[in-house]
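*Asks:* following is a predicted model, sequence given first.
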Amino acid sequence: MAFFSRRKREDSQPERSREGAAEPAEPTDAPTTDTDVTSGAQTDDAAADAAAQEAAASVNISMSSFRGLGGGPSAAARPSTPSEDAAPANAKPAPSTAAPSGPVRAESIPGVRDNVPVREAIAKLADTAPADGLLEVARQLLQGHLFLRVKGDARTLLSEGKSLPLAVTKIGEKQFVLAYSSGAALQKSLAADNDAQTSAVGQPVTAVLKYVLGGAYAGLIIDPASAPARAVVPRELIEKMLDQADEKLTVKTLLSTPRTDATPEAVVAAIPDARLWVAVGKAPDGEKMGIAQGRADDGTRYLEVFTHPLEVAAMKRSDQPAPVTAAQLAGALKADPEIGGVVIDPGGPWIRLTRDQLAPVIALA
């Protein structure tokens with residue numbers, strides 16, 4: 001049975017179509033994103049930038065990892081970092097698997113690798129509706145690392161086996177953990193406080209989010225001094241993000257880090273153990289439920305696959321996310337040889353995989 005049927009192309013978006021599938025997976029509501037994204041206190045941007053550059057020479061930013069937030073020291077390890085070679089968010093999927101052109105600067109402070117997808121999502125908050133802006137930040141948070149501010153020298157504290165006094169702030173009676181997407185955002189915060197007696201550590205995003213949930217915190221504030229764009233991610237959203245996320249965030253991380261010739265193979269290898277989703281909606285006949293597909297510029301049909309329900313919500317369609325296993329994905333591709341492959345996270349960063357590249361997955365059918 002064919003998994004899809006054609007639908008008339010709409011001028012405003014790539015062609016997508018659906019055909020009713022036999023007992024599609026139960027749709028799952030995506031996390032709500034109607035929480036406010038607030039802006040920080042108004043500052044003179046030029047003055048803040050100058051102060052940040054002056055402070056840069058005296059502030060230690062440590063890229064050391066350690067055994068969880070508040071844990072003891074461990075061997076230094078560089079956090080996974082987005083790259084200028086990663087496909088930008090909201091880019092239209094192209095027929096090839098190569099990342100689009102137009103490199104994004106990965107270091108806002110020399111020597112410190114930013115979390116580029118999160119940094120770029122936050123930079124757009126001032127020009128985005130609050131709910132949409134928070135959605136973008138939340139979905140890009142599911143990969144890479146964040147910086148955490150520490151009072152004192154983090155390396156010395158860790159070597160002495162002491163816990164790290166992380167920076168927090170209060171809004172009313174609620175306490176929030178502070179985090180930073182980039183070296184520049186961290187430097188702005190230090191300049192605003194006029195406090196050079198501090199350092200920072202880079203930690204995997206999952207460790208930061210779990211730290212927030214492990215305490216009595218109301219949420220996470222990212223880039224607090226980067227007015228007018230700072231993101232307030234509430235605890236309730238973090239809970240839903242982690243509850244529906246792949247435990248290792250493997251595929252999303254691969255999409256957000258430097259692309260190499262080995263990237264497609266690595267993504268395919270990760271699919272069997274990854275937690276993935278499809279977009280389920282009404283078929284063109286208005287009766288059956290179907291799974292969203294798209295069409296590349298060369299006419300090739302592809303199946304849309306997502307790493308998290310937030311990625312489905314980012315498409316701004318009426319579809320609902322539904323979990324899909326590697327075996328189900330393999331069955332869909334085997335049942336319809338005209339499907340040319342899949343595109344993962346079409347909202348970006350994305351990757352297109354052909355049937356030939358997906359052969360190990362199709363073999364699972």
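*Replies:* Noted; the coordinates are in hand. Residues are numbered from 1 along each chain as shown.
*Asks:* just want the most central residue of this structure.
*Replies:* Centroid-nearest residue in the chain: residue 140, 2.1 Å away (criterion: CA atoms, centre = their mean).
*Asks:* and stretch 291-306, what's buried?
*Replies:* For stretch 291-306, the neighbour count (16 or more other CB atoms under 10 Å) marks 291-296, 300-306 as buried. C-betas here are computed from N, CA, C, even on glycine.
*Asks:* oh, I was asking about stretch 237-252
*Replies:* Buried-residue list, stretch 237-252, by 16+ other CB under 10 Å: 237, 238, 240, 241, 242, 244, 245, 246, 249, 250, 251, 252.
*Asks:* what about that stretch, distance to the chain center?
*Replies:* 10 Å (CA atoms, centre = their mean, to the nearest Å).
*Asks:* endpoints of it, how far apart?
*Replies:* One end of stretch 237-252 sits 18 Å from the other (CA to CA, to the nearest Å).
*Asks:* and for it, what are the contacting residues?
*Replies:* With contacts defined as CB atoms under 8 Å, 6 or more residues apart in numbering, stretch 237-252 is touched by 28, 31-33, 35, 134, 138, 141-143, 205-206, 209-210, 212-213, 219-220, 267, 270-271, 273-276, 307-310, 344-345.
*Asks:* hmm, try it at 6 Å
*Replies:* Identification of contacts with stretch 237-252 by CB atoms under 6 Å, 6 or more residues apart in numbering yields 31, 142, 143, 209, 212, 267, 270, 274, 275, 307, 308, 309.
*Asks:* before we move on, which element is the second one in?
*Replies:* When secondary structure is defined using DSSP states H and E, no element contains residue 142, which sits outside every helix and strand.
*Asks:* so what's the residue count around it?
*Replies:* 24 (other CB atoms under 10 Å).
*Asks:* just to revisit the earlier point, most surrounded residue in the contacts of stretch 237-252?
*Replies:* Tallying neighbours with other CB under 10 Å puts residue 143 at the head of the contacts of stretch 237-252, with 28 neighbours.
*Asks:* wait, it sits on residue 253?
*Replies:* Yes. Residue 143 is within contact range of residue 253, at 4.6 Å (criterion: CB atoms under 6 Å).
*Asks:* hang on, the earlier thing: tell me how many other residues crowd the nearest residue to the residue nearest to the centre of the chain once chain neighbours are set aside.
*Replies:* In space, and not counting its chain neighbours, residue 140 is closest to residue 117: 3.9 Å by CB to CB, 6 or more residues apart in numbering. Per other CB under 10 Å, the neighbour tally for residue 117 reads 28.
*Asks:* any figure for the gap between residue 117 and residue 341?
*Replies:* Distance of residue 117 to residue 341, given as CB to CB, to the nearest Å: 23 Å.
*Asks:* and what of residue 193?
*Replies:* As judged by CB to CB, residue 193 and residue 341 stand 50 Å apart.
*Asks:* more neighbours: those two, which one.
*Replies:* Remark: of residue 193 and residue 341, residue 341 carries more neighbours, 21 against 14, as counted by other CB under 10 Å.
*Asks:* and the more buried one, what element?
*Replies:* According to DSSP H and E, residue 341 maps onto strand 339-344.
*Asks:* and the pLDDT for residue 111?
*Replies:* If you check residue 111, the pLDDT there is 85.
*Asks:* helix or strand next in line after the host helix or strand of residue 252, which one?
*Replies:* Assigned by DSSP H and E, residue 252 falls within helix 250-256. Downstream of helix 250-256, the first helix or strand assigned by DSSP H and E is helix 263-270.
*Asks:* and that following helix, what does it pack against?
*Replies:* Applying 3 or more CB pairs under 6 Å, 6 or more residues apart in numbering; DSSP states H and E, we find helix 263-270 packed against helix 250-256.
*Asks:* cutoff 8 Å now
*Replies:* Helices and strands touching helix 263-270, by 3 or more CB pairs under 8 Å, 6 or more residues apart in numbering; DSSP states H and E, are helix 250-256, strand 351-354, helix 359-362.
*Asks:* hmm, back to that, which pair in the buried residues of stretch 237-252 spans the largest distance?
*Replies:* Across the buried residues of stretch 237-252, the longest distance by CB to CB is 22.1 Å; it joins 237 and 250.
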